[in-house]
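1. show me how the following folds:
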Amino acid sequence: MPIVGIGVFMLDNEKAEASVLAALKDGYRLIDTAHIYGNEAAVGRAIRKSGIPRDQIFLTTKLWTADFPNAAAEIDVMLKRLDTDYIDLVLLHHPAPHDAEAYKAMEAAVAAGKIRSIGLSNYYEKEFADILRVASIPPAVVQNETHPYNQWRSLKPLFDRHGTVLEAWYPLGGRDRYGRGGTQTLFADPVIAAIARAHGKTPAQIILRWHLQDGNVAIPGSSNPRHIRENIDIFDFSLSDDEMAQIRALDKQQRFSTF
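-> Here you go, the predicted model:
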């Protein structure tokens, strides 16, 4: 699984298709979508139009809570919407009734070759433990809001014990359609801004490099081609141990989302 990708949350079909095409052109190979986003078909079109072989792209999508009672059938529908023979990673989007049954349906889809790996989104200690009690396949990934102000230092050792990787949504703090969120707060943080100046990089690049070195997968979202290129241009420098420690010290267990 690539360690940096692009997410298409809140992008309409036109923007999602354009963003995925731009990302694939710029070297991204991890694409994250979801049923509830309403743009799976657009993501599938972009993958086909890119000309990049399907086996070189890591595609993630998510079962919405309303899908849980009929997860097996919904997985087949997702394959059709994405126009693909298999999905690299499918997540349960939120804890909800019937999530244990939905997880077992995902395990059956792995056995059938429809899905390569499975995981969770917005699951924390109790919910993660509940799934482990029924799981034959431990979650490969848990996708939660993660950034320098909310680092999940208590959760990561639990995930590590089960071979589960933390994937960051809102890796840069996030913003909603009204511009509210934590991105500008994080970019203006004096520690992050100073490290960015020292490296001649942007605050976004510093945060994403921190994710990389801290062992997180990150999926920043953007429809801006310049930002898409910027967000993957993080492999020509590294943060020192001291700089990593400075960013770790920013952890406030502060989330910018409401879920």
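2. the stretch 101-250 of the chain: helices as residue ranges?
-> 125-134, 155-161, 183-188, 190-199, 203-214, 225-232, 241-248 (DSSP state H, counting those that start in this stretch).
3. excluding covalently adjacent residues, which one is nearest to Ala34?
-> Lys62 (3.8 Å; C-beta to C-beta, 6 or more residues apart in numbering). (Glycine included, C-beta is placed from N, CA and C.)
4. so the one you found: helix, strand or coil?
-> strand (DSSP: H, G, I helix; E, B strand; the rest coil).
5. for it, give its distance to Gln143.
-> 8 Å (C-beta to C-beta, to the nearest Å).
6. what do these two both touch?
-> Residues within reach of Lys62 and of Gln143 at once, by C-beta atoms under 8 Å, 6 or more residues apart in numbering, are 91, 121.
7. low-confidence regions, this structure specifically.
-> 176-180 (pLDDT under 70).
8. so how far is Val191 from the residue lying farthest from the centre of the chain?
-> The C-alpha centroid of the chain is most remote from Ala198, which lies 28.1 Å away (C-alpha atoms, centre = their mean). According to C-beta to C-beta, Ala198 stands 11 Å off from Val191.
9. verify the contact between Gly181 and Phe187 for me.
-> No: using C-beta atoms under 8 Å, Gly181 makes no contact with Phe187, being 11.2 Å away.
10. between those two, which contacts overlap?
-> Going by C-beta under 8 Å, 6+ apart, residues that sit against Gly181 and also against Phe187 are Gly173.
11. give me the neighbour count for the residue nearest to Leu82 when sequence neighbours are not counted.
-> Spatial nearest neighbour of Leu82, excluding adjacent residues (C-beta to C-beta, 6+ apart): Gly44 at 4.2 Å. Residues within reach of Gly44, counting by other C-beta atoms under 10 Å, total 23.
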